[in-house]
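Peer 1: Generate a structure from the sequence data that follows.
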Amino acid sequence: MSKSAVPYLYGAEKTIPIEQLHPFANHPFHVRHDLEMKELMDSIEESGIIHPILVRPKEEGEYEVISGHRRWEACKELGTKQVPAKVLYLDDDEATVLMVNSNIQREHVLPSEKAFAYKMRYDALKRTAGRPSKNSGQVGPNYRSDEQVADETGESRKQIQRYIRLTNLISPILQMVDENRIAFNPAVEISYMTEEHQQWLQGEMELCDATPSLVQSRVLKEMSRNGTLAEDYLHTLLTEEKPNQRQKFFLNQSDVQQYFPPGYTPQQMHNTIMMLLRGWKYKRTSRQRPQREDELER
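Peer 2: Numbers count the residues shown, from 1 in each chain. So this is what the prediction gives:
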């Protein structure tokens, strides 16, 4: 097995002062201060860092964190002065590949995090495809970069391409995807719209408190592409009644998140809400039943 195939096996371990560490450039994964972070901090406070973080040297004795951003952030919160690390000597593309592979299997990964991580991984593979000596023969000219990302992540090649398309969304719309305020597939179609047209759409979605369906998003995509989209048309489109619209009811995650402990997943919030509603229904029907019985006796 070559050194470049598994570079992390050849790093030297050392303890690094925490102020000498810096985040990976354009790191796509957010460090959230949620219940999982609290549990990580408790574990580090009790047992220390069991697995060293992975870093690479930069100029003047500084280091860039490749893997272990959450452990590093937890140590900063705890006031830890130094962190055990494994120092790797990697170029930009090798470091990018390792950074993405080390983080993409997290339990909770936002669509935006996947989108930028897959794009960084894809771009790194495209650059290294022409350098077989750095690739150890893993990527050949006939092996598509998106196919390799798909093989490594368990996603289909088409799904990898859809995620990468999300990086073309303006930030407010991408945030709507992360917050489940707009569905994934319509967002992919919207990503083909020009930046100006996306800004029009985002403003109208906020005004109407509505998002386009998949069919409507495809219409907007084509209108934006051929230059026929008018800003005032967006209000007409978003206020159209969609199929089964009357049968659907939605709660925005951002509206209900404040009532739950940090770290609750959307499914946990849904289950809790349904449980409370069943209890409310039982109490309401229990109060009404004696009244109906009294009326029958009269």
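Peer 1: can you give me how far stretch 163-170 is from the chain middle?
Peer 2: Chain-centre distance of stretch 163-170: 12 Å, with CA atoms, centre = their mean, to the nearest Å.
Peer 1: Same check on stretch 174-185?
Peer 2: 10 Å.
Peer 1: Just give me the neighbour total for the residue nearest to Pro17 when sequence neighbours are not counted.
Peer 2: Using CB to CB, 6 or more residues apart in numbering and skipping the chain neighbours, the partner closest in space to Pro17 is Gln82 (5.1 Å). To be clear about C-beta, it is placed using only N, CA and C from the backbone, and glycine gets the same treatment. Gln82 is flanked by 14 other residues according to other CB atoms under 10 Å.
Peer 1: which ones are touching Gln82?
Peer 2: Thr15, Ile16, Pro17, Ile18 (CB atoms under 8 Å, 6 or more residues apart in numbering).
Peer 1: Apply 10 Å and report the result again.
Peer 2: Listed by CB atoms under 10 Å, 6 or more residues apart in numbering, the contact set of Gln82 reads Lys14, Thr15, Ile16, Pro17, Ile18, Glu19, Gln20, Leu21, Cys75.
Peer 1: One more: Glu147?
Peer 2: Leu125, Val139, Ser156, Arg157, Ile160.
Peer 1: what's the farthest-apart pair in these?
Peer 2: Val139 and Ser156 (18.9 Å; CB to CB).
Peer 1: And those two? Which one has more around it.
Peer 2: Val139 (20 against 12).
Peer 1: of the contacts of Glu147, closest to Glu62?
Peer 2: Leu125 (27.4 Å).
Peer 1: domain ranges for this structure?
Peer 2: Domain assignment for the chain, taken from automatic domain parsing, gives 7-165, 169-244.
Peer 1: ok, of those domains, where does mean pLDDT dip lowest?
Peer 2: Confidence, taken as mean pLDDT, is least for domain 7-165 of the domains of the chain (a mean of 81).
Peer 1: picking that back up, quick one: the contacts of Gln82 as a markdown table, columns for secondary structure too.
Peer 2: Output for these, formatted as a markdown table (DSSP: H, G, I helix; E, B strand; the rest coil):
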| residue | secondary structure |
| --- | --- |
| Lys14 | strand |
| Thr15 | strand |
| Ile16 | strand |
| Pro17 | strand |
| Ile18 | helix |
| Glu19 | helix |
| Gln20 | helix |
| Leu21 | strand |
| Cys75 | helix |
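Peer 1: Now which of these would you call buried?
Peer 2: Ile16, Gln20, Leu21, Cys75 (16 or more other CB atoms under 10 Å).
Peer 1: thinking again about what came up before, which one of the contacts of Gln82 is nearest to Tyr118?
Peer 2: For the contacts of Gln82, the nearest to Tyr118 is Leu21 (25.7 Å; CB to CB).
Peer 1: got the contact list for the closest one?
Peer 2: 53, 55, 58, 62-65, 68-69, 72, 75-76, 82-83, 85.
Peer 1: Repeat that for Thr239.
Peer 2: Contacts of Thr239 (CB under 10 Å, 6+ apart): Glu204, Cys208, Ala210.
Peer 1: which one is the second one nearest to, not counting chain neighbours?
Peer 2: The spatially closest residue to Cys208, leaving aside those adjacent along the chain, is Leu238, at 4.5 Å (CB to CB, 6+ apart).
Peer 1: how many neighbours does the one you found have?
Peer 2: 19.
Peer 1: Pipe the contacts of Gln82 into CSV and attach distance to Leu251 per row.
Peer 2: Converted to CSV, these look like this (distance: CB to CB, whole Å):
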residue, distance to Leu251
Lys14, 50
Thr15, 48
Ile16, 45
Pro17, 46
Ile18, 41
Glu19, 44
Gln20, 46
Leu21, 40
Cys75, 37
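Peer 1: which among those residues gets closest to Asp232?
Peer 2: Leu21 (51.4 Å).
Peer 1: I'd like the distance between the closest one and Glu222.
Peer 2: Between Leu21 and Glu222 the distance is 48 Å, computed by CB to CB, to the nearest Å.
Peer 1: do Ile66 as well
Peer 2: 42 Å.
Peer 1: Please say which of the two ends up with more neighbours.
Peer 2: Shown here are Ile66 and Glu222; by other CB under 10 Å, Ile66 has more neighbours (28 against 14).
Peer 1: Since that was my last question, I'll sign off now.
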